[in-house]
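> predicted model and sequence below, questions to follow.
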Amino acid sequence: MPQEPDSNGRKEPVIRLEDVWKIYVMGDVEVPALQGLNLDIFPGEFVAIMGPSGSGKSTAMNMVGCLDVPTRGRILLAGQDISKLTESDLAQIRGKRIGFIFQTFNLMPGLTALENVMLPMTFQGVHKDLREKKAKELLDSVDLGQRLNHKPTELSGGQQQRVAIARSLSNDPEVILADEPTGNLDQKTGREVMQMLSDFHCKAGKTIIMVTHDANVAKFAERIVNIKDGKITSIDDNPGHEACKRELQAEHDESNDHKKTKKSKEK
Ligand SMILES: Nc1ncnc2c1ncn2[C@@H]1O[C@H](COP(=O)(O)OP(=O)(O)OP(=O)(O)O)[C@@H](O)[C@H]1O
Ligand SMILES: [Mg+2]
């Protein structure tokens, strides 16, 4: 993908929505969930999408993630019009480039944590040994190395979300989409999840697009897209994100120091 900066110093968008409409038809009733969205997401950005319930955030996210087709308008993924791709090509590109984290975790109930994380790699044809090795490493990185063989019902909500995060990273995607990633978590676990997302952005350079109701969660993003009634009402830069991330990092370091001290005392 060409990523030369344009005249404004910005790279080519990794995802572009051009006048995207989504109209659901329910019998005689038409529900205009999205009404002409224009949005560019640039490589390495951290963007939050905010808006009231029913405003079209998840529908917009499904478009950004190429999970659904617009009623009207165009979606470009790395400059490619996705309507020109076959369903299987699109699934392949999406599986490689985009990782999804959902509010309700969406883990496969019959599979263990390890198998859930291995699954997206299966669709990309990764060899079994490599899948298993990578899935173990990812689960280890979200502190679940001791829960590999647990099924989702045998894990807490925060643990399930961490499995979902590990799964979203399994194909090393450049873009991570997170729809209310902290919506079902308590505040402390929510902050841990934000710490992970913030690390993917700052340290691994991933592009993150996150839907949230919560201004306390959105404040970590560099840009905030506000949606109301299926329309973008504003896109605001968020200069405070650096300070919020530093605060989160300090909290994280302190908690790690605490864990280390506790461990050494136990020895
Ligand atoms: N599959 C569907 N069929 C018909 N209408 C739908 C469908 N999905 C969503 N809608 C409608 O589209 C609108 C936008 O829904 P969407 O799920 O995008 O909202 P949201 O902003 O994510 O809300 P929430 O914050 O509650 O998750 C709503 O009015 C909803 O009822
Ligand atoms: Mg939603």
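Cool, the structure landed. Ligands and ions are numbered 1, 2, ... in the order given.
> list the contacts for the residue of the stretch 101-250 of the chain found nearest ligand 1?
When distances are taken as C-beta to the nearest ligand atom, the stretch 101-250 of the chain approaches ligand 1 most closely through H213, which lies 6.2 Å from it. To be clear about C-beta, it is placed using only N, CA and C from the backbone, and glycine gets the same treatment. For H213, the contact set (C-beta atoms under 8 Å, 6 or more residues apart in numbering) comprises M50, S53, E180, G183.
> how about the strands in the stretch 151-267 of the chain?
With strands called from DSSP state E, counting those that start in this stretch, the stretch 151-267 of the chain shows them at 175-179, 207-211, 223-228, 231-237.
> show me which residues of the stretch 51-200 of the chain are close to ligand 1?
The stretch 51-200 of the chain has residues G51, S53, G54, S55, G56, K57, S58, T59 near ligand 1, with proximity defined as C-beta under 6 Å from any ligand atom.
> same thing but 8 Å
Residues of the stretch 51-200 of the chain lying close to ligand 1 (C-beta under 8 Å from any ligand atom) are 51-62, 103, 179-180.
> buried only: go through the residues you listed for me.
Among those, those buried by neighbour count (16 or more other C-beta atoms under 10 Å) are G51, S55, G56, K57, S58, T59, A60, M61, N62, Q103, D179, E180.
> M50 against N216, yeah?
No. Shown here, M50 and N216 do not form a contact pair, counting by C-beta atoms under 8 Å, at 11.5 Å.
> who has more neighbours out of these two?
For M50 versus N216, the count of surrounding residues by other C-beta atoms under 10 Å is larger for M50: 23 against 13.
> quick one: E18 is in a strand?
Yes. Secondary structure of E18, determined by DSSP: H, G, I helix; E, B strand; the rest coil: located in a strand.
> how about it, what does it touch?
Contacts of E18 were listed using C-beta under 8 Å, 6+ apart, and they are N38, G73, R74, I75, L76.
> do you know how far it is from ligand 1?
Distance, E18 to ligand 1, by C-beta to the nearest ligand atom, to the nearest Å: 19 Å.
> worst mean pLDDT across the helices and strands of this protein, which element?
The least trusted helix or strand in the chain, going by mean pLDDT, DSSP states H and E, turns out to be helix 241-266, with a mean of 72.
> just the buried ones among the residues of the stretch 51-200 of the chain next to ligand 1: which are in helices?
K57, S58, T59, A60, M61, N62 (DSSP state H).
> dump the residues you listed into JSON lines; add pLDDT as well.
Rendered in JSON lines, the data for these read as follows (pLDDT from 0 to 100):
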{"residue": "K57", "pLDDT": "94"}
{"residue": "S58", "pLDDT": "92"}
{"residue": "T59", "pLDDT": "94"}
{"residue": "A60", "pLDDT": "92"}
{"residue": "M61", "pLDDT": "92"}
{"residue": "N62", "pLDDT": "91"}
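> what two of these are the furthest from one another?
When C-beta to C-beta is used, the two most widely separated members of those are K57 and N62, lying 9.8 Å apart.
> need the residues touching each of these two.
Common neighbours of K57 and N62, counting by C-beta under 8 Å, 6+ apart, are absent.
> if anything else comes up later, I'll come back, but that's it for now.
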